[in-house]
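Student: After the sequence you'll find the predicted model.
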Amino acid sequence: MKKVLILCTGNSCRSQIAEGYLRHFAQDKAQVYSAGVETHGVNPRAIATMRADGIDISGHTSNNMNEYLDIPFDAVITVCDNAKERCPFFPSTAQKFHHNFPDPAKATGTEEEIDAAFAAVRDEIKTYCQKFVAENL
């Protein structure tokens, strides 16, 4: 079984959404983890937007990448440019992947506009995760 780590800045939105989808699509093909270069807690809107698509991430925790230094990952996916720049070397032989998704936590406007921003990023991450599983697991 492959081990996959998703890295983001705060491990609160994008990496949590990606972890949820990768677990869903990979099923028993991979163990999926997510972490941040910092920890900000799991964003309640990320939980809500995933719930709206039938995926429950309410039990996820926000973890620091240093917690996983001893795990031999097969793949490390950075989901924001900040994480890619702040940890260009992750001490493993893992294959590196990168896609810079917009940060939905920075969305502004009405509640409906912010929810729509979260849903748009969620859908972009969902498509990426489906493709990643099909091509790499």
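Tutor: Okay, I see it. Numbering: from 1, shown residues only.

Student: what's across from Gln95 in the sheet?
Tutor: Here Gln95 sits in beta bridges with Ala75, going by DSSP bridges.

Student: Please name the residues that touch it.
Tutor: Counting by CB atoms under 8 Å, 6 or more residues apart in numbering, Gln95 makes contact with 74-76, 136. Every residue, glycine included, has its C-beta placed from N, CA and C.

Student: Report the two of those separated the most.
Tutor: Val76 and Asn136 (11.8 Å; CB to CB).

Student: what touches both of the two?
Tutor: 95, 97.

Student: Look at these two and report which has more neighbours.
Tutor: For the pair Val76 and Asn136, the greater number of neighbours falls to Val76 (23 against 16), based on other CB atoms under 10 Å.

Student: still on that earlier bit, adding pLDDT and distance to Tyr68, write the contacts of Gln95 out as JSON lines.
Tutor: Below are the contacts of Gln95 laid out as JSON lines (pLDDT from 0 to 100; distance: CB to CB, whole Å):
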{"residue": "Asp74", "pLDDT": "94", "distance to Tyr68": "13"}
{"residue": "Ala75", "pLDDT": "94", "distance to Tyr68": "13"}
{"residue": "Val76", "pLDDT": "92", "distance to Tyr68": "9"}
{"residue": "Asn136", "pLDDT": "96", "distance to Tyr68": "19"}
